[in-house]
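# model this:
(2 chains)
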Amino acid sequence: DTEVTQTPKHLVMGMTNKKSLKCEQHMGHRAMYWYKQKAKKPPELMFVYSYEKLSINESVPSRFSPECPNSSLLNLHLHALQPEDSALYLCASSQGDRDYEKLFFGSGTQLSVL
Amino acid sequence: RKEVEQDPGPFNVPEGATVAFNCTYSNSASQSFFWYRQDCRKEPKLLMSVYSSGNEDGRFTAQLNRASQYISLLIRDSKLSDSATYLCVVNIPTISNFGNEKLTFGTGTRLTIIP
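I've put the predicted structure just below:
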């Protein structure tokens, strides 16, 4: 079982809705990540938080807004999404105290935008 | 050239056979290499790190060839449960003030073990 917990597992939303994806880990990891994965494609990095500060933003549209309330929690706020944003959204964490880290993934949120 | 490249397959291999995948990377400064496994509609899970001297974990052997900039994964005595997509992950050094390296995924190689 994964030690990174994501909720909800499935989400269907309209283009005018506002929703949030949540991620939690209690492994003491200090780096947390959001990835987006389309079917039959590899995960694509969206954001990295290191020690609760946003350290990487891969030119993600502003309709995706990350938030890291504390070292265990990571949110992704969604607003005015497009149908092409439908994908599996994966949260991951790593220890964060070295440059090259193993990633531990949550089971993901399957998002459908209508 | 893509930063990390893999043969997407599919590889259809009979049970008990040996299968090998390669993954090439473009940045000679990359230092960390991993193989992840992803089952259909599941999250990627770390299979093994790849060390310079090569490493083995049961039926799985990973090797790194820095001169030719590729890593490999060998699976011996393949089982039905080995059917999955295998993702190569390589760190891509970036100009960053935060020390976070960018782990980049290859496109994945789809493996199906046939009874």
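# where does the chain dip in pLDDT?
No chain was given, so I picked chain A. The model of chain A has pLDDT under 70 over residues A:1-2, A:97-100.
# could you do chain B instead?
Applying pLDDT under 70 to chain B flags the ranges B:94-101.
# in it, which strand is the longest?
Longest strand of chain B, by residue count under DSSP state E: strand B:84-92.
# is that strand in proximity to chain A?
Yes. Strand B:84-92 is in contact with chain A by Cβ under 8 Å from any Cβ of the partner chain, via B:87, B:89, B:91. Placement of C-beta: from N, CA and C, glycine included.
# okay, now the nearest residue to residue B:1 once chain neighbours are set aside: neighbour count?
Of all residues not flanking residue B:1 in the chain, residue B:26 sits nearest, at 5.0 Å (Cβ to Cβ, 6 or more residues apart in numbering or on different chains). Residue B:26: 14 surrounding residues under other Cβ atoms under 10 Å in any protein chain shown.
# ok, now residue A:4?
Neighbour tally, residue A:4, other Cβ under 10 Å: 24.
# now do the phi/psi pair for the residue nearest to residue B:1.
phi -100, psi -20 (degrees, to the nearest 10).
# what's near enough to touch it?
Neighbouring residues of residue B:26 by Cβ atoms under 8 Å, 6 or more residues apart in numbering or on different chains: B:1, B:2, B:3, B:4, B:69.
# any residue of the helix or strand following the longest strand of chain B touching chain A?
Sequence-wise, the next helix or strand downstream of strand B:84-92 (DSSP states H and E) is strand B:102-105. Yes. Strand B:102-105 lies within reach of chain A by Cβ under 8 Å from any Cβ, at B:102, B:103, B:104, B:105.
# and chain A, which residues reach chain B?
Applying Cβ under 8 Å from any Cβ, we find that chain A lies next to chain B at A:2, A:31, A:41-45, A:48, A:50, A:53, A:55-56, A:88, A:90, A:99-108, A:110.
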